[in-house]
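1. How does the following fold in three dimensions:
(one chain, ligands or ions: 1)
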Amino acid sequence: MSDKFFFGGSIASHQCEGAYDEDGKGLGIMDLVTVGSVSEPRQFHDSLQDGIYYPSHTAIDFYHTYKEDIALFKEAGFTALRISVDWSRIFPNGDDALPNQAGIEHYRDVIRELRRNDIEPIVTLFHFELPFNIVKTYGSWQNPKTVELYLRYAKTMFEAYRDEVTYWATFNEMNHLDSDMELNDFFTYMNTGLCYSKVENASQVMVRCSYNMTLASVKAVKLAHEINPNFKVGCVFGLTPVYAYSANPEDSIKAFQTMDRDWYQIDAMTKGAFPEYKLEAYRRRGVDITISEEDAAAFHEGKIDFIGVNYYASAVETALPQDDIKNNFFGGLNNPYLKTSDWGWTIDPIGLRYLLMMLDRRYNLPMIITENGLGAYDSLEEDGSIHDPYRISYLDSHLKQIQTAIKEDKVNCFGYLMWGPIDLVSATTGEMKKRYGFIYVDRNDDGSGSNRRYRKDSFFWIQDIIKNGIR
Ligand code: BGP
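-> Residues are numbered from 1 along each chain as shown. Presented below is the predicted three-dimensional model:
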């Protein structure tokens, strides 16, 4: 991998910062979500309830510990860190007349600290951190007003860090909103603050939300390039390669369609127009989206500079009903050739190479792995050590496939950012015990614990890999 290859990690504000009501922060949608588990879904509340623990309120306290944590990333050898700005720290209600200066200064401090440590900041503007007031007052993304508010927030960020940030991501994983067959409360809530099962005409509402989010992204890209032509602006997608269950051609069509649902927004952000095939699918769901001249121009002018790839697992699809247990978190059938994590996520390093090849040939754009990792149980030994060979083996096998994809398949991939290099709150379950990091945080699911940091075995392993390369 070249010298310019970014090696680092990705974190999201609501999963690590805590300090949910400090320095003028407003309530964000993830501040209203409880702890769940692999079998118990997280609960979403309309207002904070007494006696309930909300993990985002304290998380791992990165808001206060960022200097020490960044020093650990530096010690590991990181050259990049993807952070997210929490919209509700900048515009606490989303529609405030003026931005909250304390929020702007906080992220400036974090960005400067990263630069001081020679770590490139990669900034995501929306990683599920929607101000709750936007949901209450405007009905979230179904309302074009939310696009306007997002663009005002994005402009504020591009101007504030015009000379301090180069790499931006407009959104994280908005593509999960439109998986029409599998839509559930969890996926719709994270992006919109709306629960699918509680919204009238939910299918149509979600179509409007995902269209407006796609539009917001292309408009933000154009705006960013106007503010600083040197900005590199991408969008991050959660991508799952889908294999056909059998050689039955119907299975291949089904597998293709399942992937297509996740890829249409990449088409919309790279090809200069919102895809006709998606508009047709919307029509069949009873929603006629009319693309105004202004919107058409926005798709034309707001093409992303790079694709951010979040990769955790592959899936299997069939057109015919099968008896196999459907236990893949990402939908579809179990893959008999692959193992799963303790949370049921299929472990498939070759799937990452396959995905990178498909993306490279279809889009011919620079890509960066913006998330990848293994959520696993760890145990802290009495001497402060944590032995995590499973994590090392997961990361090693994925890195080897990336290396092959770059060297042999010639894909244009400019970095690898592992998810949650420091243990943080799980997005899907709210647990702390689903750990991704090579830095252990002594924090439990109920918020108890010393919050002290410990280096796991994988810390020393990654340090060696970054310094000496993959062997
Ligand atoms: C991605 C999200 C992240 C992160 C990751 C792991 O989809 O972008 O925020 O949480 O998944 O998921 P989890 O934390 O549920 O294990």
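2. For the chain, which segments count as helices?
-> For the chain, the helices defined by DSSP state H cover 13-16, 62-76, 87-90, 101-116, 132-138, 144-160, 185-192, 202-227, 249-270, 276-284, 293-301, 349-363, 389-407, 457-468.
3. isn't residue 61 right next to residue 15, touching?
-> No. In this structure, residue 61 is not within contact of residue 15 by Cβ atoms under 8 Å, at 11.9 Å. C-beta coordinates here come from the backbone N, C-alpha and C atoms, glycine included.
4. So if I had to pick from those two, which one is more boxed in?
-> Ranked by neighbour count (other Cβ atoms under 10 Å), residue 61 and residue 15 place residue 15 first, with 24 against 16.
5. show me the residues around residue 260 that make contact.
-> residue 277 (Cβ atoms under 8 Å, 6 or more residues apart in numbering).
6. Out of the helices of the chain, which is closest to residue 316?
-> Residue 316 lies closest, by Cβ to Cβ, to one member of those: helix 249-270, at 7.8 Å.
7. same question for that closest one, mean pLDDT?
-> The average pLDDT for helix 249-270 rounds to 94.
8. Stretch 39-53 now?
-> 93.
9. Over to stretch 99-111?
-> 98.
10. which outside residues touch it?
-> Contacts to stretch 99-111, defined as Cβ under 8 Å, 6+ apart, come from residues 23-25, 63, 66, 70, 83, 85-86, 89-92, 121, 123, 153, 156, 160-161, 164-165.
11. for stretch 31-43, same thing?
-> Under the criterion Cβ under 8 Å, 6+ apart, residues 14, 20, 44-48, 52-57, 88, 132, 185-186, 189, 342-344, 428-431, 445-446 lie in contact with stretch 31-43.
12. Please type out the PyMOL selection for whichever of those residues turn out to be buried.
-> In PyMOL, this line selects whichever of the contacts of stretch 31-43 come out buried by 16 or more other Cβ atoms under 10 Å:
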select buried, resi 14+20+44+54+55+56+88+132+185+186+189+343+428+429+430+431+445
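13. just checking: which of the contacts of stretch 31-43 also lie near the ligand?
-> By Cβ under 6 Å from any ligand atom, the members of those lying near the ligand are 428-429.
14. My guess is residue 363 contacts residue 270. True?
-> Yes. Between residue 363 and residue 270 there is a contact under Cβ under 8 Å: 5.4 Å.
15. okay, and the common contacts of the two?
-> Residues touching both residue 363 and residue 270 by Cβ under 8 Å, 6+ apart: residue 307.
16. who in the stretch 301-450 of the chain is up against the ligand?
-> Contact residues (Cβ under 6 Å from any ligand atom) of the stretch 301-450 of the chain with the ligand: 310, 371, 375, 419, 426-429, 434.
17. Which ones among these map onto strands?
-> Judged by DSSP state E, those include 310, 371, 419 as members of strands.
18. Residue 335: which of the helices of the chain is closest?
-> Smallest distance to residue 335 across those (Cβ to Cβ): 9.3 Å, for helix 349-363.
19. send the alpha carbons of the closest one over as CSV?
-> Output in CSV follows, covering the C-alpha atoms of helix 349-363 (Å, rounded to 0.1, in the frame of the first residue of the first chain):
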residue,chain,number,x,y,z
PRO,A,349,-13.0,-11.2,4.0
ILE,A,350,-13.2,-12.2,0.3
GLY,A,351,-16.6,-10.5,0.1
LEU,A,352,-14.7,-7.2,0.7
ARG,A,353,-12.4,-7.9,-2.3
TYR,A,354,-15.5,-8.7,-4.4
LEU,A,355,-17.2,-5.6,-3.3
LEU,A,356,-14.2,-3.3,-4.1
MET,A,357,-13.9,-4.9,-7.5
MET,A,358,-17.5,-4.3,-8.3
LEU,A,359,-17.5,-0.7,-7.1
ASP,A,360,-14.2,0.0,-8.9
ARG,A,361,-15.5,-1.3,-12.2
ARG,A,362,-18.9,0.3,-11.9
TYR,A,363,-17.8,3.8,-10.7
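20. Enumerate the positions of it that are buried.
-> Those would be 349-357, 359-360, 363, for helix 349-363 by 16+ other Cβ under 10 Å.
21. Packing partners of it?
-> helix 249-270, strand 306-310, strand 367-371, helix 389-407 (3 or more Cβ pairs under 8 Å, 6 or more residues apart in numbering; DSSP states H and E).
22. now those in TSV, with distance to residue 335?
-> Below are these laid out as TSV (distance: least, Cβ to Cβ, whole Å):
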stretch	distance to residue 335
helix 249-270	12
strand 306-310	19
strand 367-371	21
helix 389-407	16
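23. Of all those, which one comes closest to residue 317?
-> Ranking the helices and strands packed on helix 349-363 by proximity to residue 317 (Cβ to Cβ) places helix 249-270 first, at 4.5 Å.
24. Contacts (any at all) between the ligand and the closest one?
-> No. Legend: contact between helix 249-270 and the ligand by Cβ under 6 Å from any ligand atom is lacking; minimum distance shown is 12.0 Å.
25. Quick one: work out the angle between that helix and helix 276-284.
-> 110 degrees (axes from the mean of the first three to the mean of the last three Cα atoms, to 10 degrees).
26. Could you number the chain from 43 rather than 1 from now on?
-> I'll keep to 43 as the first residue from here, and by that count the last item is helix 291-312.
27. Run the angle between helix 291-312 and helix 244-269 for me.
-> With the same axes, to 10 degrees applied, the angle from helix 291-312 to helix 244-269 works out at 40 degrees.
28. Can you list the buried residues in helix 291-312?
-> By 16+ other Cβ under 10 Å, the buried positions in helix 291-312 come out as 293-294, 296-297, 300-301, 303-312.
29. can you name the two of those residues that are farthest apart?
-> Largest separation among the buried residues of helix 291-312 by Cβ to Cβ: 293 and 311, giving 28.9 Å.
30. Quickly note the distance from the residue nearest to residue 203 when sequence neighbours are not counted to residue 354.
-> Leaving aside its sequence neighbours, residue 203 sits nearest to residue 153 (Cβ to Cβ, 6 or more residues apart in numbering; 6.2 Å). For residue 153, the distance to residue 354 (Cβ to Cβ, to the nearest Å) stands at 27 Å.
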